[in-house]
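**Student:** sequence and predicted structure below; questions after.
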Amino acid sequence: MTNVFTNDNTWRRSIYLLLLLTLFVFPPGVHAKSFFWKVQSPSTTVYLLGSIHFAKPDIYPLDQTIEDAFEGASYLVVELDQKQLDKDNMRRHILKHGMYEKPDSVESHISESTLKLLKDYLERYNMPLEGYNRMKPGFLAMTLSIAHVIRLGYLPDYGVDMYFLKKAQDKKIVQLETYTDQLDLFFDMPDEEMFLKHTLSQLEDIENQIEDTVTAWKNGDTQQMEKKVLIEPQLEFPDLREVYAKIYTDRNVKMTKKISRFLQHNEIYFVVVGAGHLIGEQGIVNLLKTRGYKVTQF
C-alpha cells in the first residue's frame, strides 16, 4: 500500500475536505434539476456549481447548460487552484502543523478504543502503523479518507473543479481560499480524536452512503442531500457539530462575502465549490438569497 503522504500526485490535492461530499458521482443523464444555480444582480450573473472533488470518468459529459454557462464566463472561481499549489511550502506547513516530531506519535494522543480502531483498519488493508503514526489525528483522518476513496476508484483528476481548471485556458482564475486555509481546518479542529474516530467508523460503509447521495445529486434534491450530508451525521455524532460548523458554516459565510463582491461587477463568474457548501439554511445559496439576490436552480 502506497502511503498517500509520500505520493506526490495525491499529495498536492490532499487538502480537500469531508469525503462524504467530495466523492459523490452520478451517471450522466437528463434530470429536472442539478446542483447548479444562476445568481443575478442588476449588473451581472454568477453561476454556482456544486463540485465533486473525487470522481470517476463516467460523470462526463456534464449537462450542456453547465458547459454553456462556463463558456460564457470571464472568470473561473474555485475553492483552490490545484494547478498553482506551492508543493514545497505545503509540505513544510504540514510537517510543522500536522505531524508530531519524533519520538512523539499519535498513539500517545488518542484513547485505547480509538487506537484499536486505527490499528484494526490499517491491518485490514496491510498498511503499517509506522507509516502513519506521526500524523496528528485530524490530518490522519483526512489522509485515510483520501486513501480509502482512491482505493475505491474515485480520483481527484476526474473532479469537477479539476475538469474546469483544465479547460480554463482563456479564463481568469480566482481562488476563494488558500491551501493553508484548508489544511488548518484539520490541524486546528475542536476535537481531533472524535473526528478520527468518526472517520474510522464510517469508512467501511462509505460505498453504501454514496448510493443515497447519488440519488439526491441526480435529482437536484437539496433537502435529501442536506439530510444525508449535514443533518444525519450530526445527529449520530453530536460532538461533531462544532467541527461541522467550522468546516461548513464558517467557510460558507466567508465565501458568500466574496461571491457577493463578484455580483457587484459587470463580468460573468463561474463558481465551482464543494456541493456541501451550497445546501442548507447556512449554505451559500440561501445566504445569497438573504442578501437579496435572485437565485435560480437549473
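**Tutor:** Done, it's in.

**Student:** buried sites along stretch 242-260?
**Tutor:** 243-244, 247-249, 251-252, 255-256, 259-260 (16 or more other C-beta atoms under 10 Å). Yep, even glycine has a C-beta here, placed from its N, CA and C like the rest.

**Student:** so where does Lys96 fall, helix or strand?
**Tutor:** helix 87-97 (DSSP states H and E).

**Student:** got the contact list for the following helix or strand past that helix?
**Tutor:** Next in sequence after helix 87-97, counting helices and strands by DSSP H and E, comes helix 112-124. Helix 112-124 is contacted from outside by 106-107, 110, 127-129, 132, 140, 144, 193, 196-197, 200-201, 203, using C-beta atoms under 8 Å, 6 or more residues apart in numbering.

**Student:** selecting buried members of these in ChimeraX, what would you type?
**Tutor:** Paste this into ChimeraX to select the buried members of these, with burial taken from 16+ other C-beta under 10 Å:
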select :106,110,127,132,140,144,193,196,197,200,203
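
**Student:** which of the contacts of helix 112-124 fall in helices?
**Tutor:** 140, 144, 193, 196-197, 200-201 (DSSP state H).

**Student:** in stretch 41-57, which residues are buried?
**Tutor:** 41, 44-55.

**Student:** quick one: mean pLDDT for the helix or strand that contains Lys257?
**Tutor:** Assigned by DSSP H and E, Lys257 belongs to helix 250-262. Per-region confidence: helix 250-262 scores 98 on mean pLDDT.

**Student:** may I have it exported as CSV, CA atoms only?
**Tutor:** This file holds the C-alpha atoms of helix 250-262, laid out as CSV (Å, rounded to 0.1, in the frame of the first residue of the first chain):
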residue,chain,number,x,y,z
ASP,A,250,-17.9,29.5,8.9
ARG,A,251,-16.5,29.0,5.4
ASN,A,252,-19.8,29.5,3.8
VAL,A,253,-20.1,32.9,5.3
LYS,A,254,-16.6,33.9,4.1
MET,A,255,-17.2,32.5,0.6
THR,A,256,-20.6,34.3,0.3
LYS,A,257,-19.0,37.6,1.1
LYS,A,258,-16.5,37.1,-1.7
ILE,A,259,-19.2,35.9,-4.2
SER,A,260,-21.3,39.0,-3.3
ARG,A,261,-18.4,41.2,-4.4
PHE,A,262,-18.3,39.4,-7.8
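
**Student:** mind listing residues that contact it?
**Tutor:** Outside helix 250-262, the residues touching it (C-beta under 8 Å, 6+ apart) are 39, 44, 46, 48, 75, 77, 176-177, 269, 271, 273, 277, 282-284, 287-288, 291, 293.

**Student:** could you redo the last one with a cut-off of 6 Å?
**Tutor:** Under the criterion C-beta atoms under 6 Å, 6 or more residues apart in numbering, residues 46, 176, 269, 277, 282-284, 287 lie in contact with helix 250-262.

**Student:** quick one: distance of it to the chain centre.
**Tutor:** 16 Å (C-alpha atoms, centre = their mean, to the nearest Å).

**Student:** now the element after it, going C-ward?
**Tutor:** Taking DSSP H and E, what comes next after helix 250-262 is strand 269-274.

**Student:** tell me what angle that following strand forms with helix 250-262.
**Tutor:** Between strand 269-274 and helix 250-262, the angle comes out at 170 degrees (axes from the mean of the first three to the mean of the last three C-alpha atoms, to 10 degrees).

**Student:** packing partners of the helix or strand following strand 269-274?
**Tutor:** Using DSSP H and E, the helix or strand that follows strand 269-274 in sequence is helix 284-290. If you count contacts as 3 or more C-beta pairs under 6 Å, 6 or more residues apart in numbering; DSSP states H and E, helix 284-290 packs onto helix 250-262, strand 294-297.

**Student:** the last one pairs with which strands, parallel or anti?
**Tutor:** What that stands for is strand 294-297. Take DSSP bridges as the rule and strand 294-297 pairs in its sheet with strand 36-40 (antiparallel).

**Student:** so what's Val285 up against?
**Tutor:** Counted by C-beta under 6 Å, 6+ apart, Val285 has contacts 37, 278, 295.

**Student:** just the pLDDT for it.
**Tutor:** In the predicted model, Val285 carries a pLDDT score of 98.

**Student:** what of Glu211?
**Tutor:** 65.

**Student:** kindly report the same for Ser51.
**Tutor:** At Ser51, the pLDDT value in this model is 88.
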